[in-house]
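Participant: next come a sequence and a model predicted from it.
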Amino acid sequence: FVLHLFLKKFREDRMRFFIRHIFEKKNRLVMNLRWIGAIVVGCFSALGSTAQDYYDWVDTSDKYIRERAWEKAEEALQNALRSEPANPGNALLLSNLGTVQRYAGKLEQALQSYTNGLLMTPNSVTLLRNRAALYAEMDSLQSALADYNRILIIDNNDEDALYNRGLIHLEQGDTLGSRQDMERLYAMNPESLNAHIGYAAWLKSVGRYREAAEQYTQAIKMQPDEATHYINRAEAYVFSGQLQKADKDTKKAMELAPADPLVYVLRAMVNIARYEDGAARRELAKAVELGYDRNAADRLLKELDKP
């Protein structure tokens, strides 16, 4: 029973990692603002001073983005938008403004920027993708799901949208919907890293742990230095009773991501399965030290104290 509680909490935290961090990696916009500036300039047959100011602000924002000076980049983009409010390139600028605001931690403002961009270009897959990722980061999964649905209406073969929608279905308990998306993605591109990861996540959700481990093995071959793959394969090994393999994967994950608290939670799970309660307590204490939810840890420790 105690191991079951560990596994349940671990799954919840691991899925939040997927939703908040993998989405961010997948949907990060490459903010090539000089390229956008060239598009904008091309919209004018003759460059007046206002158009030149617009381009200058875009170029300035690019400089600040490279320096990761988000507040200054935001100001420069806003000045560009004010200088030419009717410019047809503003939808792209609003997308970049939203991403800059997101990096600055201004999530509500970023949401408004993406939405304003979509008012100008409602079928922009880039804007929809960025807003969906932001919604997921804000735990507004239903809104993220709606944006991924829109992307797939525009392009029903969009692999990124299929993958992310499948993860959201899984988080919401819709294993059938997740299966449909993940199997379709796998059929479309069996060599895709996301196809292996997504299909493995679904396999775990329906108890097919050995098959899930095989999929993570393929992901590891493609990305051998990604700790997440070892963590997820170790979880599949724990569920399928392959504790020696799970222990090996947790050690590798610890080498790659020593500050990830879920590595230590997973090691605690392995120790519980081996009835090594003392070791499990030490690993869980380390997980809390690194940011794991203390209340969840306390509940699990109380279960360990029961006769």
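Facilitator: Structure's in. What do you need?
Participant: low-confidence ranges in this protein?
Facilitator: 1-52, 306-307 (pLDDT under 70).
Participant: residues touching Asp249, list them.
Facilitator: Neighbouring residues of Asp249 by Cβ atoms under 8 Å, 6 or more residues apart in numbering: Tyr230, Ile231, Arg233, Ala234, Tyr237. For the C-beta atoms, the positions are set from N, CA and C on the backbone; glycine is no exception.
Participant: restricting to C-alpha, output the one helix or strand the first one maps to in PDB.
Facilitator: Right, the one you point to is Tyr230. Using DSSP states H and E, the secondary-structure element containing Tyr230 is helix 227-239. Provided in PDB are the C-alpha atoms of helix 227-239 (Å, rounded to 0.1, in the frame of the first residue of the first chain):
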ATOM      1  CA  ALA A 227      17.700  12.100 -17.300                       C
ATOM      2  CA  THR A 228      13.900  12.100 -17.800                       C
ATOM      3  CA  HIS A 229      14.100   9.000 -19.900                       C
ATOM      4  CA  TYR A 230      16.000   7.000 -17.300                       C
ATOM      5  CA  ILE A 231      13.500   8.200 -14.600                       C
ATOM      6  CA  ASN A 232      10.600   7.100 -16.600                       C
ATOM      7  CA  ARG A 233      12.100   3.800 -17.500                       C
ATOM      8  CA  ALA A 234      13.000   3.100 -13.900                       C
ATOM      9  CA  GLU A 235       9.400   3.700 -12.900                       C
ATOM     10  CA  ALA A 236       8.300   1.200 -15.500                       C
ATOM     11  CA  TYR A 237      10.900  -1.300 -14.100                       C
ATOM     12  CA  VAL A 238       9.600  -0.800 -10.500                       C
ATOM     13  CA  PHE A 239       6.100  -1.500 -11.600                       C
END
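Participant: follow-up on the earlier one: which of the contacts of Asp249 sits closest to Leu94?
Facilitator: Of all the contacts of Asp249, Leu94 sits closest to Ile231, with 36.5 Å by Cβ to Cβ.
Participant: ok, back up a step: hmm, who's touching the helix holding Tyr230?
Facilitator: Helix 227-239 is touched from outside by 7, 10-11, 14, 17, 22, 197, 200-201, 204, 207, 209-210, 212-213, 216-217, 219-220, 223, 243, 245-247, 249-250, 252-253, 256-257, 260, 262-263, 266, 269-270, 273, with contacts defined as Cβ under 8 Å, 6+ apart.
Participant: please pick the buried ones from the residues you listed.
Facilitator: Buried by 16 or more other Cβ atoms under 10 Å: 7, 10-11, 14, 22, 197, 200-201, 204, 209, 212-213, 216, 219-220, 243, 245-247, 249-250, 252-253, 256-257, 260, 262-263, 266, 269-270, 273, out of these.
Participant: so of the residues you listed, which ones are in helices?
Facilitator: Cross-referencing the buried ones among the contacts of helix 227-239 with the helices (criterion: DSSP state H) gives 7, 10-11, 14, 197, 200-201, 204, 209, 212-213, 216, 219-220, 243, 245-247, 249-250, 252-253, 256, 262-263, 266, 269-270, 273 as the overlap.
Participant: sorry, back to before: kindly indicate which of the contacts of Asp249 lies nearest Arg150.
Facilitator: Once Cβ to Cβ is applied, the member of the contacts of Asp249 that ends up nearest Arg150 is Ile231, at 32.1 Å.
Participant: what's the burial count for that closest one?
Facilitator: Each residue near Ile231 was counted by other Cβ atoms under 10 Å, and the total is 25.
Participant: same deal with Lys63?
Facilitator: 14.
Participant: Met188 now?
Facilitator: Neighbourhood size, Met188 [other Cβ under 10 Å]: 12.
Participant: can you pull the contacts of it?
Facilitator: Shown here is Met188, whose contacts under the criterion Cβ under 8 Å, 6+ apart are Asn157, Glu159, Leu162, Ala195.
Participant: any idea of the angle the helix holding Tyr230 forms with helix 243-256?
Facilitator: 160 degrees (axes from the mean of the first three to the mean of the last three Cα atoms, to 10 degrees).
Participant: what's the angle from helix 227-239 to helix 261-273?
Facilitator: In this structure, helix 227-239 runs at an angle of 20 degrees to helix 261-273, with the same axes, to 10 degrees as the basis.
Participant: sorry, back to before: which of the contacts of Met188 has the most neighbours?
Facilitator: Leu162 (27 neighbours).
Participant: how close does it get to Trp202?
Facilitator: Noted for Leu162: a distance of 12 Å to Trp202, by Cβ to Cβ, to the nearest Å.
Participant: cool, Leu111 as well?
Facilitator: The span separating Leu111 from Trp202 equals 29 Å under the rule Cβ to Cβ.
Participant: so these two - more neighbours on which side?
Facilitator: When Leu111 and Trp202 are compared for neighbours, Trp202 comes out ahead with 25 against 20, by other Cβ under 10 Å.
Participant: isn't the more buried one right up against Gly177?
Facilitator: No: using Cβ atoms under 8 Å, Trp202 makes no contact with Gly177, being 10.0 Å away.
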